[in-house]
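Novice: model this:
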Amino acid sequence: PEEPRWDAVRHVLPTVLDLLLGEDEGAVLNLNVPDRAPAELGELREARLAAFGAVQVRVDQRSGDDGHGLHMSFGEGTPPEPGTDTALLVEGHPTVTRLESIGARPGVLGTAVTTGR
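Specialist: Reported below is the predicted structural model:
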């Protein structure tokens, strides 16, 4: 849309900030909010990420009266896997996903290097 629904983000942000304050120091939470009016949003849901390569997403930078931001749109094709951030967003739920540092999983980089990924 030409005018992103920043009011929807403002609606769920206090809850997500409370969640973040309850996390360990250095935790990173990813918040995605559907572009809908706050009254049309589903409940905030914990989500897992879709499998690598399973989602076709396009992110564009946009500018408007509310400032600059990123807009994400989903590609056509296979329906998203149930329970993933993508599926829940399509259903109208804001989603929060805890992101994990690659440093928290020793050996991941070595595996990627040896497998060519």
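Novice: tell me where this structure has strands.
Specialist: 28-32, 45-46, 57-64, 67-74, 95-99 (DSSP state E).
Novice: ok, longest helix in the protein?
Specialist: When the chain is parsed with DSSP state H, its longest helix is helix 6-21.
Novice: which stretches of the protein have low pLDDT?
Specialist: Per-residue confidence for the chain (pLDDT under 70) gives these ranges: 1, 52-60, 62-77, 111-117.
Novice: residues contacting residue 42?
Specialist: For residue 42, the contact set (CB atoms under 8 Å, 6 or more residues apart in numbering) comprises 88, 91, 92, 93, 94. C-beta: built from backbone N, CA, C; applies to glycine.
Novice: which of these are buried, as a ChimeraX select command?
Specialist: Applying 16 or more other CB atoms under 10 Å to these leaves a buried subset, and the ChimeraX line that selects it is:
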select :88,93,94
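Novice: what's the most distant pair in the contacts of residue 42?
Specialist: Farthest pair in the contacts of residue 42 (CB to CB) is 91 and 94. Separation: 10.7 Å.
Novice: how much space between the spatially closest residue to residue 35 that is not a sequence neighbour and residue 36?
Specialist: Of all residues not flanking residue 35 in the chain, residue 5 sits nearest, at 4.9 Å (CB to CB, 6 or more residues apart in numbering). Separation of residue 5 from residue 36 (CB to CB, to the nearest Å): 6 Å.
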